[in-house]
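Peer 1: Fold the following for me, if possible:
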Amino acid sequence: MLFTSLVWTQLLVITVVIGMAYWVVRWFASGQVSIRTPADWGNLLLVLMAAVSCLITSLPGSTVPQVLRLLSGMIFFYTIVNWSRSLKRSYLLLSILALLGILLSLFALVSVEWSPTKLQLVALQLRNMFPVAVSDTVHPNVMAGTLLLFAPIVCAMVVFNRWASLANREKKFAFVLCWIALLAITPIILLTASRGAWIAFITVMALLLSMRWKWGFLVFMALVGSAVLLPYFFAPYDLLGTALENQTLGSLQARSQVMSQALFIIEVFPVTGVGMGLFSEVAALVTPSVIVSPDVAEHAHNLFLQVAVDLGIPGLIAWLSVLLVVFTVSWGLYRTGKRMNDPWAAGLGAGFFCSSAALVLHGFMDSVIWGIVRQAPVVWFLWGTTIALSLVYLPNKPIHAKTEDTVSGVDNGGVFDISSV
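Peer 2: Numbering: from 1, shown residues only. Here you go, the predicted structure:
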């Protein structure tokens, strides 16, 4: 229902109702609404701020769909956490994630409105080969920002593991899908010509190499050094403007103006925000822009500012707390995998850690995975997967995983013998 609602937004209400109904069923069946996660308090505060957003909004038609999109993503977060409670299901979950990346890449060919100013010849050829088949087209930056979250995960599984070392069919199937996903996602990110996505993609891939091999740290440091030294050879303002400009905001000055509007709105409405989806309307009233018209600047073009505009500073704190939990558990999974010499677990931890890093890096330049964007629940899918995998793989924790995988003799692919917990 969640993925269907990404196409037909009128199904968002039904999706949330069904999700809440399953919570009630689980409560009657097991005596608990959900297993506990480290992100529970942050998620609870987000729900409260989303409710406040519905109460204070002056345009419910704009706010309610975005609140429902947020709630549906959070419900799916807990769906994954409660469902993926065994090693076999964790393999299947990774396969689903890779398959989703492949499908999004294929969907990009018939849904993205390729900009003639970005790689013009290739964009023209794509239009001729794959004409747009949907009425609601996808912006190249939005598609790039979405696929950017999948790329580090599938790449990590490819570089951390070898076919010969995979002990069961489920792992091998997921490994093959990760290879296909990597080959499908990377060209689409490049073809979107989204400068922000390119910068984040190159950075997290270098970070991933540094987590896999010792010499990869040299690559990452060389990239950081280049970013520091380039402004000495080129005008810093011009270089930054070239990197951040796009077809919506044509200059660094325009982007700075939009972010200044967002900061002013946060200053005026620090506690509650203005309501989800109302940035352009409120900005036109309280901070009229002489550079960017309200119909162009639909959002703050900065993920963190956009969350604060929509849900206030408490909402931003809650969202950041969940992000911090994801960073912490993915890093713990990576370090545990390295320490226990389990490349599968280490690859999962590194991939999800770099995926969150890509979200942060790209978030400084755009807010294409929040609010008005249909793909916004994808973040919660990845975050839920991260928490679920940590509950299954991390030792010395209250693991809520089923034990039939190890009891029945199915290879658990590593040193984490859940039946011994």
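
Peer 1: Which residue ranges of the stretch 1-150 of the chain form strands?
Peer 2: In the stretch 1-150 of the chain, no segments count as strands under DSSP state E, counting those that start in this stretch.

Peer 1: quick one: low-confidence parts of it?
Peer 2: The stretch 1-150 of the chain contains residues with pLDDT under 70 at 115-128, 133.

Peer 1: Check the stretch 301-421 of the chain too.
Peer 2: Using pLDDT under 70, the stretch 301-421 of the chain drops low at 395-421.

Peer 1: can you give me the helices for it?
Peer 2: For the stretch 301-421 of the chain, applying DSSP state H, counting those that start in this stretch gives helices covering 303-339, 343-363, 377-393, 404-407.

Peer 1: would you list those helices in a markdown table and tack on distance to Val274 and mean neighbour count?
Peer 2: C-betas here are computed from N, CA, C, even on glycine. Below are the helices of the stretch 301-421 of the chain laid out as a markdown table (distance: least, CB to CB, whole Å; neighbours: other CB atoms under 10 Å):
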| stretch | distance to Val274 | mean neighbour count |
| --- | --- | --- |
| helix 303-339 | 6 | 21 |
| helix 343-363 | 19 | 26 |
| helix 377-393 | 22 | 26 |
| helix 404-407 | 48 | 16 |
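
Peer 1: Let me have these in a markdown table, adding distance to Arg89 as columns.
Peer 2: A markdown table is the format used below for the helices of the stretch 301-421 of the chain (distance: least, CB to CB, whole Å):
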| stretch | distance to Arg89 |
| --- | --- |
| helix 303-339 | 16 |
| helix 343-363 | 14 |
| helix 377-393 | 8 |
| helix 404-407 | 9 |
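
Peer 1: between those helices, which one is nearest to Val138?
Peer 2: helix 377-393 (12.7 Å; CB to CB).

Peer 1: Show me what the closest one is packed against.
Peer 2: Using 3 or more CB pairs under 8 Å, 6 or more residues apart in numbering; DSSP states H and E as the contact test, the elements touching helix 377-393 are helix 60-83, helix 87-111, helix 140-160, helix 303-339, helix 343-363.

Peer 1: what angle do the last one and helix 303-339 make?
Peer 2: Taking axes from the mean of the first three to the mean of the last three CA atoms, to 10 degrees, helix 343-363 and helix 303-339 form an angle of 160 degrees between their directions.

Peer 1: Quick check: which of the helices of the stretch 301-421 of the chain is nearest to Ala21?
Peer 2: That would be helix 377-393 among the helices of the stretch 301-421 of the chain, by CB to CB, at 18.1 Å.

Peer 1: quick one: that closest one to chain centroid distance?
Peer 2: How far helix 377-393 lies from its chain's middle: 11 Å, per CA atoms, centre = their mean, to the nearest Å.

Peer 1: Next: stretch 363-379.
Peer 2: On CA atoms, centre = their mean, the centre of stretch 363-379 falls 8 Å from the chain's centre.

Peer 1: Check what contacts it and list those residues.
Peer 2: 2, 6-7, 9, 66, 69-70, 72-73, 76, 139, 141-142, 144-146, 149, 195-196, 199-200, 243-244, 276-277, 298-307, 310, 359, 362 (CB atoms under 8 Å, 6 or more residues apart in numbering).

Peer 1: Now with 7 Å, please.
Peer 2: 2, 6, 66, 69, 72-73, 76, 141-142, 145-146, 149, 196, 244, 276-277, 298-304, 306-307, 310, 359 (CB atoms under 7 Å, 6 or more residues apart in numbering).

Peer 1: what ranges do the helices span in the stretch 151-300 of the chain?
Peer 2: So, for the stretch 151-300 of the chain - with DSSP H, counting those that start in this stretch - the helices run 169-192, 195-212, 216-233, 236-244, 252-268, 279-286.

Peer 1: Give me the angle between the last one and helix 60-83.
Peer 2: Same thing as helix 279-286. Using the same axes, to 10 degrees: helix 279-286 against helix 60-83 is 140 degrees.

Peer 1: Show me what helix 279-286 is packed up against.
Peer 2: helix 252-268 (3 or more CB pairs under 7 Å, 6 or more residues apart in numbering; DSSP states H and E).

Peer 1: before we move on, what about the first one?
Peer 2: Using 3+ CB pairs under 7 Å, 6+ apart as the contact criterion, the elements in contact with helix 169-192 are helix 87-111, helix 140-160.

Peer 1: Then the fifth one?
Peer 2: Where contact means 3+ CB pairs under 7 Å, 6+ apart, helix 252-268 is packed against helix 236-244, helix 279-286, helix 303-339.

Peer 1: Report how many residues lie close to Val134.
Peer 2: Using other CB atoms under 10 Å, Val134 has 12 neighbouring residues.

Peer 1: who's in contact with it?
Peer 2: Val110, Ser111.

Peer 1: again with Ala345
Peer 2: Leu333, Thr336, Gly337, Tyr393, Gly414.

Peer 1: Contacts only, for Ala174.
Peer 2: Contacts of Ala174 by CB under 7 Å, 6+ apart are Tyr91, Leu94, Ser95, Ala98.

Peer 1: any idea how far it is from Pro377?
Peer 2: Distance of Ala174 to Pro377, given as CB to CB, to the nearest Å: 22 Å.

Peer 1: again with Lys171
Peer 2: Taking CB to CB, one finds Lys171 at 27 Å from Pro377.

Peer 1: What of Pro187?
Peer 2: Distance, Pro187 to Pro377, by CB to CB: 25 Å.

Peer 1: what's the answer for Ser53, then?
Peer 2: In terms of CB to CB, Ser53 sits 17 Å off from Pro377.

Peer 1: now swap in Leu2 and tell me
Peer 2: For Leu2 relative to Pro377 (CB to CB), the value is 6 Å.
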